[in-house]
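> need the 3D shape of this:
(chains A, B, C and D)
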There are 2 protein chains.
Amino acid sequence: MMTIQTASVISKFLPSTHDHSHCIEVALDRATAVCDLQGLRLTPIRRRVLELIWHSHAPIGAYSILKQLAQNGRKTMPPTVYRAIAFLRSASLVHRLDSLNAYVGCGDPSEAHSGQFFICRKCDSVAEIHDTAMAGLLADQAATLGFHAENPHIEVSGLCSRCEKSNR
Amino acid sequence: MMTIQTASVISKFLPSTHDHSHCIEVALDRATAVCDLQGLRLTPIRRRVLELIWHSHAPIGAYSILKQLAQNGRKTMPPTVYRAIAFLRSASLVHRLDSLNAYVGCGDPSEAHSGQFFICRKCDSVAEIHDTAMAGLLADQAATLGFHAENPHIEVSGLCSRCEKSNR
DNA sequence: AGTGTTAGGTTATAATATAACATATTGGGC
DNA sequence: GCCCAATATGTTATATTATAACCTAACACT
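Coordinates of the predicted model:
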């Protein structure tokens, strides 16, 4: 089957052997650049939260972030974490996955967007793409219902190839 | 633009004037039939919860259901509601909308499925469709990532035509 | 240095959901 | 009809996720 390429892949499923420290580094560098450019303040707390979210390619819950923040010395309360998350989301540095109540780093914070997410139900890894054809199809279907779609955020659960191979 | 019809509309946005008692009646009748056919027990509690969910075409939260259940005499606790919801979901009589932590009745419980939902952010009304083309596109994109999609559940927020007209 | 804005601290609580165990009800075989 | 096993519901407690409200600190700009 031939598929027209309409999707930009924002993040793929990576082998467990990949150099993840590099991912983190790149993410933080990009975040710094984006914030710099847009006059946003990537404060130490926000930076640290972003770093924790990028700890892996799996989404992480707010209270898990909270625990890890609290380890490093001073006690930290929920609002601190939720504020940092709100900031990071508003800068498109982080997405919330509603189906998991969890947050994942975005590999392409270049502009505000809401992507399509594939979530492995076994290892929790997430891949993100931005597919214009799908968005278009959605908009078309919406139109037939007289609906104006604003936020084609899509979450699909399933199995990544590694987990599917490993045992199903 | 020509759009190939690949979507079955499960529920549309309806005018506020529509005969909603009819919707409820139909939903309960279908539920009875489905349960009968599949040997499932639509007990009084489950039936009542389904009825409350069908109170409107807008999703309703578990604790809102709980409050209304508790009004009719005996006190009711969260597990009661969550169990009823779990049953109704397993029978495809109700869907959960993750983006709202809320539940909505399904107009077509004929078989297990996960649809595409358009949610008006102003009046909260929901329309549901089942679009094979979209599911296919999703599966294609998933395949390029080596991902096996299992649950193409989609929620899109936006404005229904009525709310868009009314003032934006 | 003064001031207005933004970020973070702190306390309390809201909202959503489930674990674990006890009791009741149901359907089916005898 | 009676008993049993399975299913459904009651009950208590608590987990998990998220926000309100108010206060203090840091910063950016003049």
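> show me where chain A dips below the pLDDT cut-off.
Along chain A, the model assigns pLDDT under 70 to residues A:1-5, A:167-168.
> what about the helices in chain A?
With DSSP state H as the criterion, chain A has helices at A:20-38, A:44-53, A:62-71, A:78-90, A:132-144, A:161-166.
> Serialize these to TSV and add fields for mean neighbour count.
No exception for glycine: its C-beta is placed from N, CA and C like everyone else's. As requested, the helices of chain A are arranged in TSV below (neighbours: other C-beta atoms under 10 Å in any protein chain shown):
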stretch	mean neighbour count
helix A:20-38	14
helix A:44-53	20
helix A:62-71	16
helix A:78-90	17
helix A:132-144	19
helix A:161-166	14
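> turn those into TSV, columns for distance to B:Val26.
As requested, the helices of chain A are arranged in TSV below (distance: least, C-beta to C-beta, whole Å):
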stretch	distance to B:Val26
helix A:20-38	51
helix A:44-53	45
helix A:62-71	41
helix A:78-90	40
helix A:132-144	22
helix A:161-166	40
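> can stretch A:157-165 be found next to chain B?
Yes - residues of stretch A:157-165 are located near chain B by C-beta under 8 Å from any C-beta of the partner chain, namely A:Ser157, A:Gly158, A:Leu159, A:Cys160, A:Ser161, A:Glu164.
> count of neighbours near A:Leu159?
For A:Leu159, the neighbour count with other C-beta atoms under 10 Å in any protein chain shown is 22.
> for it, give me its contacts.
Applying C-beta atoms under 8 Å, 6 or more residues apart in numbering or on different chains to A:Leu159 gives the contacts A:Cys120, A:Arg121, A:Lys122, A:Arg168, B:Phe147, B:His148, B:Glu150.
> surely A:Leu28 is in contact with A:Arg48?
No - in this structure, A:Leu28 is not within contact of A:Arg48 by C-beta atoms under 8 Å, at 10.2 Å.
> of the contacts of A:Leu159, which is the most crowded?
Among the contacts of A:Leu159, B:Phe147 has the most neighbours (other C-beta under 10 Å), with 26 neighbours.
> grab the nearest non-local neighbour of that residue.
Excluding its sequence neighbours, the residue lying closest to B:Phe147 (C-beta to C-beta, 6 or more residues apart in numbering or on different chains) is A:Phe118, at 4.7 Å.
> bridging residues for that neighbour?
Counting by DSSP bridges, A:Phe118 is bridged to A:Ala127, A:Val156.
> returning to what we had before: ok, the contacts of A:Leu159 vs DNA strand C, which is closest?
Checking the contacts of A:Leu159 against DNA strand C by C-beta to the nearest atom of the strand gives A:Arg121 as the nearest, at 14.3 Å.
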